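Engineer: model this:
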Amino acid sequence: MVGQTDTPLNEAYSNQVYDTDNNLQKEGMIYQGRRGQIRLQFGTFQLAFVTPNTQTTLQNSAGAAVASVDNDTTLPQIVAAYRYSSDLFSIKPFIGWASYDFTTGVTSATQQESVDSLVYGLTGKINLGPAFIAGSVFGGSNVGNMGITTRNLSNAVINAADGKIVDNDTMAFAGIVGFKVNDTFKFEGGYGYILSEVDVAGVKTEDTAFSYYVQSTITLAPGVFIVPEVGILSNDEIKTGGVPTKQSETTYLGAKWQINF
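Structural biologist: So this is what the prediction gives:
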């Protein structure tokens, strides 16, 4: 396959509708988006060479934006996933790697550093008749530089003192449960959590976020449905040197209306 489509990392077991169909994709369900790629598929194994994602702006250790002087890439992102499925369950391990060179311009207009990203994890789903249990867990470093969507800061950080790149380590997980009453009513709830941690010159910064929701999908006719939902989206807190700073949080209640043609 040559073209733009979902990368092998993407998984959408959650149906959270708030925040433009968030689907817990910023808090634990991994999502890299639709990207240009060359993808090879052998049965349920996928290997993709994805268009590089070079961040032109990173944060330094003081929290200020640092613009690049130059970005250089020599290799595409390399992403692989394998799915095993049976009537009872499915499971998908995945891994991805990316690297590019970033001229920081912090201490010198020619100072070049490498931004290396790695992500690895597992998604899965258990089918229990009309019910299901699904989840995802992943970790890695500088996952935001791969274009993976997160609610917290997951990009590499530049040390403001010497212009060196410092890796930002991320851990995230999500869990979803659902139950189909009949062809009209389905119920679902989910929770996702993400933590990113970076240590610059002995000062550790932890940035956490989470989301949870409960919803019902009401199907009025084929392709016509309403999804009432209540939940919370939280940027939680940023803890620097052990001192926490509370971030924004949104509690919401509403419904999504959709017609598929």
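Engineer: Would you mind pulling up the elements that the longest strand along the chain packs against?
Structural biologist: When the chain is parsed with DSSP state E, its longest strand is strand 203-221. Applying 3 or more CB pairs under 8 Å, 6 or more residues apart in numbering; DSSP states H and E, one finds that strand 203-221 makes contact with strand 185-200, strand 224-234, strand 237-240. C-beta: built from backbone N, CA, C; applies to glycine.
Engineer: end-to-end on stretch 230-243?
Structural biologist: With CA to CA, to the nearest Å as the measure, stretch 230-243 spans 31 Å from end to end.
Engineer: Go through that stretch and flag the buried ones.
Structural biologist: Of the residues in stretch 230-243, those with enough neighbours to count as buried (16 or more other CB atoms under 10 Å) are Gly231, Leu233, Ser234, Asn235, Asp236, Glu237, Ile238, Thr240.
Engineer: ok, so of those, who is nearest Ile91?
Structural biologist: Nearest to Ile91 among the buried residues of stretch 230-243: Gly231, at 26.8 Å, using CB to CB.
Engineer: Please identify the most buried of the helices and strands packed on strand 203-221.
Structural biologist: Most buried of the helices and strands packed on strand 203-221, by mean neighbour count (mean count of other CB atoms under 10 Å): strand 185-200, with a mean of 20.
Engineer: Just the angle for it relative to strand 224-234, thanks.
Structural biologist: Angle of strand 185-200 versus strand 224-234, following axes from the mean of the first three to the mean of the last three CA atoms, to 10 degrees, is 30 degrees.
Engineer: pLDDT weak spots in the stretch 1-150 of the chain?
Structural biologist: 55-57, 59-69, 105-110 (pLDDT under 70).
Engineer: can you map out the strands along it?
Structural biologist: 2-6, 34-42, 45-50, 57-60, 65-67, 70-72, 77-82, 84-85, 89-103, 112-128, 131-141 (DSSP state E, counting those that start in this stretch).
Engineer: Tell me, how many residues neighbour the residue nearest to Gly124 when sequence neighbours are not counted?
Structural biologist: Taking CB to CB, 6 or more residues apart in numbering as the measure, Gly124 lies nearest to Ile91, with 4.2 Å between them; neighbours along the chain are not counted. Other residues near Ile91 come to 14 when the count uses other CB atoms under 10 Å.
Engineer: And Ile91, how far from Tyr120?
Structural biologist: Going from Ile91 to Tyr120 by CB to CB, to the nearest Å gives 14 Å.
Engineer: cool, and Gly178?
Structural biologist: Spatial separation of Gly178 from Tyr120 under the definition CB to CB is 26 Å.
Engineer: who has more neighbours, the two?
Structural biologist: The neighbour comparison of Gly178 against Tyr120 (other CB under 10 Å) goes to Gly178, with 21 against 14.
Engineer: Remind me which helix or strand the more buried one belongs to.
Structural biologist: According to DSSP states H and E, Gly178 maps onto strand 169-180.
Engineer: unless I'm mixing things up, Gly144 is touching Val157, no?
Structural biologist: No - proximity of Gly144 to Val157 does not meet the contact threshold set by CB atoms under 8 Å, at 10.5 Å.
Engineer: Name the residues contacting each of the two.
Structural biologist: Taking CB atoms under 8 Å, 6 or more residues apart in numbering as the contact criterion, the common neighbours of Gly144 and Val157 are Asn168.
Engineer: Settle it for me: which of those two has more neighbours?
Structural biologist: Neighbour count, other CB under 10 Å: between Gly144 and Val157, Val157 has more, with 24 against 21.
Engineer: got a pLDDT number for that one?
Structural biologist: Listed pLDDT for Val157 reads 88.
Engineer: how close does it sit to Val115?
Structural biologist: Val157 is 10 Å from Val115, where distance means CB to CB.
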